[in-house]
Each structure stands twice: as C-alpha cells, then as structure tokens.
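Show me the folded form of this:
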Amino acid sequence: MNSSKCSSTAIGRWRPKEAGEVGELWRHPTSDFILPVPHRLVAGGIDWQVITERLAMLEGVKAADVAARLEERAVDIANLRAANDIVVRDTIPLEAGVTLVQSCWTMLRSSATTAPGPRPFIRRYRKMGDDLVSAARMAHTRRGSFIIPILLPLSDPKPDEKAKKEPPLPEMEVTAAQEPFERRVMRTFAESLAALDAVVVKPEKEPRGPSIHELIRAGVSQQFVMALHRVLTEEAVNEFSAAFDWAPVGDPPKGLRDVSIPAAAAERVKAVASRLKDAPAPRTEEQFVGPIRRVERDPDVDTGSVTVQTIRNGHPASVAVRVSAAVLDQAWEWARDRKTLVVQSKVRRTSEGLMAETTDAVTPLMLDVPSR
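Numbering: from 1, shown residues only. Here you go, the predicted structure:
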C-alpha cells in the first residue's frame with residue numbers, strides 16, 4: 001500500500017507536506033502534528049502499527065478502528081440467504097431471486113426509517129433513511145444455497161465534543177464509541193429479525209399485547225414484516241436467514257450474528273403485520289432506544305448513571321438515566337455485552353445534557369421475550 005492510498009482512508013484530513021526518498025511528512029490542517037508516512041506500507045508491519053497507533057492516539061479512537069479504515073473494512077454486511085433443497089445447488093428460480101432482492105431492499109429501507117424512532121406502520125419513509133440506503137451496495141452472490149451480501153459503508157464517527165479528555169478511572173466508568181447512523185440502521189435490521197424470531201417464530205403462536213410492543217421497540221414495522229412474508233411464501237424458499245458481519249470499528253454489536261426464519265412461520269408473520277398496521281406508535285418523547293454510550297459510578301457511593309445514544313427530534317442525542325446500585329451492577333454487564341437499551345421516561349435538559357426524569361428508567365431491548 002502506498003501513502004497516496006492513505007489519503008482517502010484513515011489519514012482523512014491529513015495532507016502531504018514534504019516528500020523525501022523513502023516517504024512523506026503529513027500535516028493535519030487544524031493542528032501542528034506531523035506524521036511521517038513511508039511511500040510503501042506493509043499491512044501489519046512495524047511502520048503500519050506505529051502509524052495506526054499514532055493516528056488512534058491523536059483521534060482518540062482505537063488502533064483497530066484506524067487499521068480497519070486503512071484496509072477499507074469499515075463496512076457492515078448482511079449476508080441474506082434463501083435456503084432451499086428442491087432446486088439446483090446455489091441457485092433458485094429467477095422469480096424467487098427477484099422477490100428476495102426486492103424484499104431485502106424493503107426491509108433495509110424500513111429499518112432506516114425505524115432506526116431513529118419506532119414506527120409500527122410507515123406512512124412515509126424518512127428522507128435521511130432513504131439517502132443512507134442509497135449508499136448500500138449488493139455484492140456478488142456467494143456459495144451456500146443463494147446468498148446475497150448487502151454492504152453498508154460506515155461514515156467516520158463525528159467527534160464527541162462532550163467526551164471526557166482524561167481516561168476513565170478503573171471501576172468508575174466505561175465508555176463506548178459513537179455509533180455511526182449506518183450501523184444503527186444495520187443493527188435495527190438485525191434486531192428486527194432477532195425479535196421476530198424470538199417473539200413470533202420460536203413460541204409457535206401468534207404474539208399479542210406486550211410482545212407486539214417489544215417488536216415495535218426493536219424497530220419492526222408492518223412494511224418490514226410484509227417484505228419478509230413475501231420471501232417466505234415463495235415456493236422454492238424453505239427458509240430465510242441473515243448472517244451479519246460487523247466491521248471492526250467502534251464497538252460492534254455482540255450476539256447479533258445469525259437469524260433464520262422458516263417458511264413454515266409465514267402465516268404467523270403475516271398475522272403480525274396486520275396487528276402492526278393498527279398498533280399505536282410509542283410516544284417519542286417518552287421512549288428512546290439505542291446502544292450504551294457511558295456507564296458511570298458516582299464518587300464514594302454505589303449509585304450512578306447510564307447514558308444511551310439515541311435519536312431525538314431527528315438528530316443524534318444522548319440521554320442519561322440516574323440508576324440505583326442494583327441497576328448499576330446490571331449496567332456494567334449490559335455495557336460489556338454491548339446491549340441495546342430502552343429508556344422509558346420524559347427527559348429534561350440540564351447543564352450536562354438530556355436527563356431522564358425517572359430513576360432506573362432503562363432496560364435492555366428484549367430479543368428473547370416469550371409470546372404472551
């Protein structure tokens with residue numbers, strides 16, 4: 001890899017200043033830092049490691065994140081599969097393939113609309129979501145029945161101006177990287193399928209009441225469900241599955257890898273769609289969904305706060321929740337497992353940012369809720 005390649009990836013706003021026989025000096029336009037970059041870089045070599053570690057230190061991110069950007073690996077991938085055992089291996093009928101592609105596009109588009117906030121029935125797709133989905137790419141099909149990789153490139157995370165400059169104290173604080181909106185969309189896609197599997201497929205009976213609300217919180221919409229139903233009802237499809245490969249940047253989700261929905265669940269899936277069409281949308285000023293941004297213990301006491309990265313009024317926001325000692329103990333585990341959280345409370349603006357009015361008003365998004 002040569003140094004000019006770096007200018008479009010991890011080096012970002014850095015620009016070459018002086019060139020020599022073996023390399024160049026790069027300068028950041030908003031600082032006095034100078035970075036020596038050899039003309040040729042060997043991935044994994046000593047120079048590579050030094051540059052990624054120095055960039056990570058200057059940007060306040062992990063070295064693995066910088067390395068991923070250098071190698072152009074900042075892409076989340078959903079490998080969508082239509083399994084069958086009645087046709088030629090690695091192929092399906094053309095009509096079924098067209099249905100799979102169209103339905104997967106609808107599911108991704110629906111996820112981009114429900115990612116900022118739950119919508120059981122989408123009357124109008126969000127423009128910001130459609131703009132993001134337009135950047136998604138479809139790669140060549142892969143062996144293994146019929147697999148279509150959908151690639152969603154991740155944007156560079158915006159710097160968190162409110163983030164603390166000093167390192168957290170051991171046993172006092174844990175922080176997570178800012179989640180790009182593209183990952184929020186792909187995570188919503190994965191969590192929607194996982195919720196349908198947990199609430200609709202595995203219990204083998206139609207969900208009602210609280211279980212429908214869990215689906216909505218996960219980002220499931222009527223449009224998402226009907227798109228899935230169209231795939232499941234194709235004669236040549238026995239199962240729809242998705243395997244997610246998360247780019248090694250930021251803090252990728254844990255436990256969201258593979259989800260399979262059998263064609264036998266098609267009628268239950270369709271029944272859920274009709275319930276979602278008539279379900280009331282959650283009050284957006286009282287419910288916020290997103291990954292953990294920070295868990296912090298109060299000095300000298302066992303209470304603390306949990307900060308959730310979410311979307312409010314169409315813009316990225318962080319909501320802090322005061323928590324008791326018991327919930328704080330659980331929050332450390334949630335952060336370790338990179339759980340998606342639900343905050344159910346009105347919020348007020350303080351000098352430190354948005355704060356939930358209700359203590360302990362935070363729980364993990366339940367993807368294993370039994371039908372009831």
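
can you list the domains in this protein?
3-70, 75-278, 287-364 (automatic domain parsing).

tell me, which of those is the model least confident about?
Ranked by mean pLDDT, the domains of the chain bottom out at domain 3-70, with a mean of 71.

JSON lines for the domains of the chain, including mean neighbour count?
From N, CA and C alone the C-beta is placed, and that goes for glycine too. Shown next, in JSON lines, are the domains of the chain (neighbours: other Cβ atoms under 10 Å):
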{"stretch": "domain 3-70", "mean neighbour count": "15"}
{"stretch": "domain 75-278", "mean neighbour count": "18"}
{"stretch": "domain 287-364", "mean neighbour count": "18"}
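
can I have the helix ranked longest in the chain written out in CSV, keeping just the CAs?
Counting by DSSP state H, the longest helix found in the chain is helix 94-114. Below are the C-alpha coordinates for helix 94-114, written out as CSV (Å, rounded to 0.1, in the frame of the first residue of the first chain):
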residue,chain,number,x,y,z
LEU,A,94,-35.4,-16.2,-11.1
GLU,A,95,-38.8,-15.0,-9.8
ALA,A,96,-37.8,-16.1,-6.2
GLY,A,97,-34.4,-14.3,-6.6
VAL,A,98,-36.2,-11.1,-7.7
THR,A,99,-38.5,-11.3,-4.7
LEU,A,100,-35.6,-11.8,-2.4
VAL,A,101,-33.7,-8.8,-3.7
GLN,A,102,-36.8,-6.5,-3.6
SER,A,103,-37.9,-7.7,-0.2
CYS,A,104,-34.4,-7.3,1.3
TRP,A,105,-34.3,-3.7,-0.1
THR,A,106,-37.7,-3.0,1.6
MET,A,107,-36.5,-4.5,4.9
LEU,A,108,-33.4,-2.4,4.9
ARG,A,109,-35.3,0.7,3.8
SER,A,110,-37.9,0.1,6.6
SER,A,111,-35.0,-0.3,9.1
ALA,A,112,-33.6,3.0,8.0
THR,A,113,-36.9,4.7,8.8
THR,A,114,-37.5,2.9,12.2
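
For the next helix-or-strand element following it, enumerate the helices and strands it packs against.
Using DSSP states H and E, the helix or strand that follows helix 94-114 towards the C-terminus is helix 127-133. Contacts defined by 3 or more Cβ pairs under 8 Å, 6 or more residues apart in numbering; DSSP states H and E place helix 127-133 against helix 94-114, helix 181-196.

next helix or strand past helix 127-133?
Toward the C-terminal end, the helix or strand that comes next after helix 127-133 (DSSP H and E) is strand 137-138.

outside of that next one, which residues touch it?
The contact list for strand 137-138 (Cβ atoms under 8 Å, 6 or more residues apart in numbering) reads 101, 148-153.

Give the next helix or strand downstream of it.
Next along from strand 137-138, by DSSP H and E: strand 147-153.

just checking, what packs against whatever helix or strand comes next after that following strand?
Later in the chain than strand 147-153, the nearest helix or strand by DSSP H and E is strand 173-175. The contact analysis (3+ Cβ pairs under 8 Å, 6+ apart) places strand 173-175 against strand 287-297, helix 325-336.

Run through the residues that contact R336.
Taking Cβ under 8 Å, 6+ apart, one finds V174 in contact with R336.

Fine by me, thanks again.
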